[in-house]
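Novice: pasting a predicted model and its sequence here:
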Amino acid sequence: MPSRVSDTPCTDDVLRLGARAAQLLHLAAQGLLKRGTRKARKADVGTTIARMGLLQIDTINVVARSPYMTLFSRLGAYRNEWLDELLTEGVIAECWAHEACFVPASEFRYHRDYRAGRASHWAHKSAERIHAEARGDMDALLQRIRLEGPLRAADFEREGPATKGWWGWKPEKRWLEAWFALGRLMVARRDRFQRVYDLAERVIARWPEQPPAEILDEATVRQHFIAESVRALGIAKARWVADYFRLRPRVTDAELAPMVADGRLLRVSVEGWDVPGYVHRSHADLLRDAQRNALRATRTTLLSPFDPVVWDRARALDLFGFEYTIECYTPAAKRTYGYYVLPILHRGRLVGRLDAKAHRQTGLFQVLGLWLEAGVAASPALVEGIAEAIGECAAWHGTPRAVIERSQPRSLAALVTKHLAR
């Protein structure tokens, strides 16, 4: 296991990059620089997930559930059912990674074999505790699925009240989730976003390509996830790397040095950074474009609070100067912005945020609040970009009537509304 050493300043790197170019390199790797040149296709969903390495799952549905929103930010309008179909077809799989995530099925073996490394994750520790407390009930549940086939939590009827706790789950749901975290059950498909669980071996047997049976050692898996994290991030400081796949212990410059030496990673000096940056060798062409300031950001879009660009709040602040906290878990009286606030990405910069709610039955996309960051001017190009992003998101939801109730600066609501009316 790598030793814990402090980050060391970079002083003699050959490769150099400007701070703005580093931002654009990150967004290019994440697929957020430009709008696609054609309408999205089903295969693009799988390609996008592979590009990010994973797609975090969250069930809050005031706008769109996070996995669908994260794909929309990159693909524009697409059919939500494509994500569900790819899961059923075995192109992607569900597992615990950063948190609960969709991952490419081709990457599943690494998640499967990272058992010791994942043991410190809260979901695994909770599953172990639940199993110790309800071993007999959990074994009976597993046997029922073995005999009857795939089941949802709703297939386990219970007349009593739900268990108290964060989600208020009934015991059977907790047991299903525990077996999922422990790897005995997997998600065969989703039914209206509800998980349908089956034995892991039966789910995998239906995939078009079977993962190798050989079990990888922990060091190999860790090295793979480190490289994949740097690739997905485009450019990364050592301290950013571990969060992407929830690696423990944290990744250091000393651990990355051999990967630089063997050519897997490129070491870069970034303007304003007092530590090295790292770029995956697969992004060598992107790095060259970034060095000559050839990367251009033209897309304006709304981001999910669980988008990889902003889910690491410290990284978002470090890289973009964007301070962001999701407030859905904060009591309403203590919120600064709102329940489910979406960051606004405009031409490669995080320029603001909006609190929105999609009323699908009435066709209304309600923007409760719209805020620009301090120092960001409401230029014509920015107003146009925000209006187009809101309009595109509203249309994708089937809520074409967008209403903006308040904004900061105050004039912004009227300017965006005027543009939306065109």
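Specialist: Yep, that arrived. Numbers count the residues shown, from 1 in each chain.

Novice: next structured bit after the biggest helix by length in the chain?
Specialist: Longest helix in the chain, counting residues (DSSP state H): helix 380-397. For helix 380-397, the following helix or strand on the C-terminal side (DSSP states H and E) is strand 401-404.

Novice: tell me which residues are up against that following strand.
Specialist: Strand 401-404 is contacted by residues 363-367, 370, 390-391, 394, 413, 416-417, 420 when judged by CB atoms under 8 Å, 6 or more residues apart in numbering. (C-beta placed from N, C-alpha, C; glycine too.)

Novice: the stretch 151-300 of the chain: helices as residue ranges?
Specialist: 171-182, 200-205, 218-233, 238-245, 253-261, 284-291 (DSSP state H, counting those that start in this stretch).

Novice: coming back round to it: among the contacts of strand 401-404, name the ones in strands.
Specialist: Judged by DSSP state E, these include Leu364, Phe365, Gln366, Val367, Leu370 as members of strands.

Novice: quick one: closest of the helices of the stretch 151-300 of the chain to Glu128.
Specialist: Between Glu128 and these, the shortest gap by CB to CB is with helix 171-182, which sits at 7.5 Å.

Novice: quick check: buried residues in stretch 364-374?
Specialist: Leu364, Phe365, Gln366, Val367, Leu368, Gly369, Leu370, Trp371, Leu372, Glu373 (16 or more other CB atoms under 10 Å).

Novice: run the angle between the one helix or strand Val103 maps to and helix 238-245 for me.
Specialist: Taking DSSP H and E as the definition, Val103 sits inside strand 100-104. Comparing the axes of strand 100-104 and helix 238-245 via axes from the mean of the first three to the mean of the last three CA atoms, to 10 degrees yields an angle of 90 degrees.

Novice: neighbouring strands - and their directions - for strand 100-104?
Specialist: Strand 100-104 pairs in its sheet with strand 55-56 (antiparallel), strand 92-96 (antiparallel), by DSSP bridges.

Novice: and the contacts of that strand?
Specialist: 46, 49-50, 53-57, 67, 83, 87, 91-95, 97, 111, 123.

Novice: how far off centre is that strand?
Specialist: Its chain's C-alpha centre and that of strand 100-104 lie 9 Å apart, by CA atoms, centre = their mean, to the nearest Å.

Novice: next SSE after it?
Specialist: Scanning forward in sequence from strand 100-104 by DSSP H and E, the next helix or strand is helix 108-112.

Novice: list the helices and strands that next one packs on?
Specialist: Judged by 3 or more CB pairs under 8 Å, 6 or more residues apart in numbering; DSSP states H and E, helix 108-112 is in contact with strand 92-96, helix 218-233.

Novice: and those as TSV, adding mean pLDDT and distance to Tyr340?
Specialist: Shown next, in TSV, are the helices and strands packed on helix 108-112 (pLDDT from 0 to 100; distance: least, CB to CB, whole Å):
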stretch	mean pLDDT	distance to Tyr340
strand 92-96	97	23
helix 218-233	98	24
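
Novice: which one of the ones you listed is the most hemmed in?
Specialist: strand 92-96 (a mean of 23; mean count of other CB atoms under 10 Å).

Novice: got the CA positions of that strand in CSV?
Specialist: Provided in CSV are the C-alpha atoms of strand 92-96 (Å, rounded to 0.1, in the frame of the first residue of the first chain):
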residue,chain,number,x,y,z
ILE,A,92,-23.9,-1.0,-18.4
ALA,A,93,-24.2,-2.3,-14.8
GLU,A,94,-25.0,-0.9,-11.4
CYS,A,95,-22.6,-1.1,-8.5
TRP,A,96,-21.1,1.0,-5.7
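
Novice: mind giving me the ChimeraX command for buried ones among the contacts of strand 100-104?
Specialist: Buried subset of the contacts of strand 100-104, written as a ChimeraX selection, criterion 16+ other CB under 10 Å:
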select :46,49,50,53,54,55,56,57,67,83,87,91,92,93,94,95,97,111,123
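
Novice: pLDDT weak spots in this structure?
Specialist: For the chain, applying pLDDT under 70 flags the ranges 1-14, 158-168.

Novice: longest single strand anywhere in it?
Specialist: Taking DSSP E as the criterion, the chain has its longest strand at strand 349-359.

Novice: partners of it, with directions?
Specialist: strand 341-346 (antiparallel), strand 364-372 (antiparallel).

Novice: could you dump these into JSON lines with distance to Ala21 added?
Specialist: JSON lines is the format used below for the strands paired with strand 349-359 (distance: least, CB to CB, whole Å):
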{"stretch": "strand 341-346", "distance to Ala21": "17"}
{"stretch": "strand 364-372", "distance to Ala21": "24"}
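
Novice: can you add distance to Asp355 and give the helices of the stretch 151-300 of the chain back as TSV?
Specialist: Compiled in TSV, the helices of the stretch 151-300 of the chain are given as follows (distance: least, CB to CB, whole Å):
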stretch	distance to Asp355
helix 171-182	30
helix 200-205	38
helix 218-233	28
helix 238-245	26
helix 253-261	39
helix 284-291	33
